[in-house]
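>>> model this:
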Amino acid sequence: GRNLHELLLAAPAGPKTVLGLDPGIRTGCKVAVVDATGKLLATATVYPHQPRNDWQGARATLARLIVQHGVELIAIGNGTASRETDKLAAEVIKLVGTERPDQKVAKVVVSEAGASVYSASAFAAAEFPELDVSLRGAVSIARRLQDPLAELVKIEPKAIGVGQYQHDVNQRALARSLDATVEDCVNAVGVDVNTASAPLLERVSGLNKTLAKNIVDYRDANGPFRNRGTLRKVPRLGDKTFEQAAGFLRINDGDDPLDRSAVHPEAYPVVERILARLDKPVAAVMGRPGALQGLSASDFTDERFGLPTVRDILAELEKPGRDPRPEFKTATFQEGIETLADLVPGMVLEGVVTNVAAFGAFVDVGVHQDGLVHVSALADKFVKDPHTVVKPGQIVTVRVLEVDVKRQRIALSMRRDDARSAPPRSAASRPADGAAGAGGPRPSRPPAP
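Residues are numbered from 1 along each chain as shown. Model prediction:
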């Protein structure tokens, strides 16, 4: 649940035109371009790798798509042939930069965990009935860079493949916990009711699959919602449901600026009293902390809205629609480090945490095989719970301790002191898929110097 929480609340790149690349060797690299709202614009398949080796043709096709659609970001799946495809993307960016110096394009390697599950799902089939299953994966990769939360909610949480001993616990309790985690994340961020998909809407407090579909159908038939009050016209969305869900449903560029905030419509009278005291319109107050200075929350309480509620309303007026997710950043994999054979003990690399288990954290350093930072090598101090030090999606700097090419295992360290950073050999050589396998966590006491 904690791993899933961090993945869902990963930093979104935002509304940018993205080219998604699902790398492949024999079957080619699947390409999909989506606009700032996630709408599919174009698809293609290129064959830069074995056996066709059409590097120049692939480069030309990608450059044409980037220029034609004004692409700002390239999202590359981190599966098979991702580093080779990353090299292709670097050449494409250089080519586009020569032809269009004003067009800035960046490339990002993203996790493609669960993309194939989405591709074969009923929702993907309904969304793209004419599209090949493999091309749907490229669409998912592009969209999860724009907004990880909106895309990952379409996938069964278990299929994202994070955590530990997933198959050994009570499956009903696991499903309930993961569903609650998804709902918490969706409600914490809020949902734009005019752009959200049905799977995202059904995760909002108070809504279910039927109501989410009804909202989408009403939106398709009548155009964008102009205010929260219009939601009451959606079939089967009654007063009780409206009371539960309205605060989490946002309407940007609507009739009422308050509709893009987390303030519930029931609390609008409190806002009106605040505006009357300030003698200012809502547009002059929202997002301007200085305008609310000197106000006491206790002055606006009544028998219905207590002090904590009024404080929350004032905080929301200061920063309306505040997104709890961090700023978007990307890791830079080192050039020339593409396979396990390129790794040398002592090498310092930048990587991305992909999974956190009781015995340590797995880190992707760009060689198709995640390395393990044993719990004893996570910090210079004793670490009882790895979750207190690292989280999935975090960009970290690691030192290579040991590389076992034959058994495809990498031991990494985040400690400054080399002499004390090497974990026991048995822990270092634990397989990367141990996160979901059998066996208890290793003792977390650091080895003797």
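
>>> only C-alpha atoms for contact and neighbour calcs from this point on.
OK.

>>> Am I right that Ser349 sits in a strand?
If you look again at residue 349, you'll see it is Leu, not Ser. Yes: the assignment for Leu349 by DSSP: H, G, I helix; E, B strand; the rest coil puts it in a strand.

>>> What residues does it make contact with?
Phe333, Gln334, Val365, Thr397, Val398, Arg399, Val400 (Cα atoms under 8 Å, 6 or more residues apart in numbering).

>>> could those residues go into JSON lines alongside distance to Arg176 and pLDDT?
Compiled in JSON lines, the contacts of Leu349 are given as follows (distance: Cα to Cα, whole Å; pLDDT from 0 to 100):
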{"residue": "Phe333", "distance to Arg176": "37", "pLDDT": "85"}
{"residue": "Gln334", "distance to Arg176": "40", "pLDDT": "86"}
{"residue": "Val365", "distance to Arg176": "33", "pLDDT": "92"}
{"residue": "Thr397", "distance to Arg176": "35", "pLDDT": "94"}
{"residue": "Val398", "distance to Arg176": "35", "pLDDT": "95"}
{"residue": "Arg399", "distance to Arg176": "38", "pLDDT": "95"}
{"residue": "Val400", "distance to Arg176": "38", "pLDDT": "95"}
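
>>> Quick check, central residue of the protein?
Pro148 (2.6 Å; Cα atoms, centre = their mean).

>>> hang on, it packs against Ala10?
Yes: counting by Cα atoms under 8 Å, Ala10 is a contact partner of Pro148 at 6.5 Å.

>>> what separates the residue nearest to the centre of the chain from Ser111, distance-wise?
Distance from Pro148 to Ser111, counting by Cα to Cα, to the nearest Å: 10 Å.

>>> Equivalent analysis for Ala196, please.
22 Å.

>>> In terms of neighbours, single out the busier of the two.
A count of neighbours by other Cα atoms under 10 Å puts Ser111 above the other of Ala196 and Ser111, at 20 against 17.

>>> what's the nearest residue to that one if we skip its chain neighbours?
Asn78 (5.5 Å; Cα to Cα, 6 or more residues apart in numbering).

>>> which SS state does Val352 fall under?
Under three-state DSSP, Val352 comes out as strand.

>>> what are the ranges of the strands in the stretch 201-350 of the chain?
Taking DSSP state E, counting those that start in this stretch as the test, the strands found in the stretch 201-350 of the chain are 249-250, 348-357.

>>> Distance to Glu318 added to the ones you listed, as TSV?
Shown next, in TSV, are these (distance: least, Cα to Cα, whole Å):
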stretch	distance to Glu318
strand 249-250	17
strand 348-357	34
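
>>> so which of these comes closest to Val92?
For Val92, the closest of the strands of the stretch 201-350 of the chain is strand 348-357, at 23.3 Å, according to Cα to Cα.

>>> helix or strand right after the closest one?
Per DSSP states H and E, strand 348-357 leads on to strand 360-364 as the next helix or strand towards the C-terminus.

>>> So which bits of that next one are buried?
For strand 360-364, a neighbour-count test (16 or more other Cα atoms under 10 Å) marks Gly360, Ala361, Phe362, Val363, Asp364 as buried.

>>> before we move on, what about stretch 375-393?
Along stretch 375-393, these residues count as buried under the neighbour rule (16+ other Cα under 10 Å): Val375, Ser376, Ala377, Leu378, Ala379, Val383, Pro386, His387, Val390, Lys391, Pro392, Gly393.

>>> Closest to Leu88 out of the residues you listed?
Gly393 (24.0 Å).

>>> Surely that closest one and Leu8 touch.
No: if you go by Cα under 8 Å, Gly393 and Leu8 don't touch, sitting 9.8 Å apart.

>>> before we move on, back to that, out of the strands of the stretch 201-350 of the chain, flag the one nearest Thr230.
strand 249-250 (11.9 Å).

>>> Which strands or helices does the closest one pack on?
strand 191-192 (3 or more Cα pairs under 8 Å, 6 or more residues apart in numbering; DSSP states H and E).
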